[in-house]
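1. After the sequence you'll find the predicted model.
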Amino acid sequence: MKKRSAERALQFVEEGSVVGVGTGSTVKYFIESLAGWRDRIEGAVSSSDQSTALLKKIGIPVLDLNAAGQLPLYVDGADECDGHRRLIKGGGAALTREKIIAACSQRFVCIIDAAKQVNVLGKFPLPVEVIPMARSHVARQIAARGGQPVWRDGVVTDNGNWILDVHNLEIVDPVGLERDLNQIVGVVTVGLFAARPADAVIVDGEVRA
């Protein structure tokens, strides 16, 4: 099903364009599918070192986002997706770069399997990327808001930061929580993609706008 969704996302790729590419097991199938487009696109902007390596392996140039400018398309997966296309992302610890590329893209297409669909976000622990020296401070602030933060010990993001996974949340106001957590000093970004949700979601190969 993941492969079917990844292949279906190719319908959104434009000739001669630069494609934003996310991170994760489903996106890996999308990158493999892009191999047939290597001579039809200018290149890709990658959200992680892992995806960069895969793209280079199949011969697709990886470009700097500052040079590429606004992208027509960003394709990525998600850990959870609600009925309004709002997402939890960051299980692969690439949430900051993913959020930047999503913000710089005209269309954000999310590819998932049906198991990732939820009515209310929060069953999957919410990743929060933090500056290392602020980990304890941010954890206390999150705990005061009712979450249970757990340090993802041993994981360092591509940006050199740490991850707190926040458990026991029922996120009834994703936009408000995203805004609130982003204001905590020491937070780099939060894995809620609610203020800028996906524009389309492909579930088991079926496009749902």
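-> Arrived safely.

2. quick one: low-confidence parts of this structure?
-> For the chain, the stretches with pLDDT under 70 are 209.

3. if we go to 90?
-> 1-5, 204-205, 208-209 (pLDDT under 90).

4. how about the strands of it, start to end?
-> Secondary structure of the chain (DSSP state E): strands located at 18-21, 43-46, 73-76, 80-81, 87-88, 108-112, 126-130, 148-151, 162-167, 187-190, 192-193, 200-203, 206-208.

5. For those, give me JSON lines that also has mean neighbour count and distance to Glu32.
-> C-beta here means a position set from N, CA and C on the backbone, and glycine is covered the same way. Converted to JSON lines, the strands of the chain look like this (neighbours: other Cβ atoms under 10 Å; distance: least, Cβ to Cβ, whole Å):
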{"stretch": "strand 18-21", "mean neighbour count": "27", "distance to Glu32": "11"}
{"stretch": "strand 43-46", "mean neighbour count": "25", "distance to Glu32": "13"}
{"stretch": "strand 73-76", "mean neighbour count": "26", "distance to Glu32": "13"}
{"stretch": "strand 80-81", "mean neighbour count": "24", "distance to Glu32": "22"}
{"stretch": "strand 87-88", "mean neighbour count": "29", "distance to Glu32": "23"}
{"stretch": "strand 108-112", "mean neighbour count": "27", "distance to Glu32": "13"}
{"stretch": "strand 126-130", "mean neighbour count": "27", "distance to Glu32": "25"}
{"stretch": "strand 148-151", "mean neighbour count": "16", "distance to Glu32": "33"}
{"stretch": "strand 162-167", "mean neighbour count": "21", "distance to Glu32": "27"}
{"stretch": "strand 187-190", "mean neighbour count": "22", "distance to Glu32": "28"}
{"stretch": "strand 192-193", "mean neighbour count": "29", "distance to Glu32": "24"}
{"stretch": "strand 200-203", "mean neighbour count": "21", "distance to Glu32": "16"}
{"stretch": "strand 206-208", "mean neighbour count": "13", "distance to Glu32": "20"}
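
6. how about these in a markdown table, adding distance to Tyr29?
-> A markdown table is the format used below for the strands of the chain (distance: least, Cβ to Cβ, whole Å):
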| stretch | distance to Tyr29 |
| --- | --- |
| strand 18-21 | 12 |
| strand 43-46 | 15 |
| strand 73-76 | 11 |
| strand 80-81 | 17 |
| strand 87-88 | 18 |
| strand 108-112 | 8 |
| strand 126-130 | 22 |
| strand 148-151 | 30 |
| strand 162-167 | 24 |
| strand 187-190 | 26 |
| strand 192-193 | 20 |
| strand 200-203 | 11 |
| strand 206-208 | 16 |
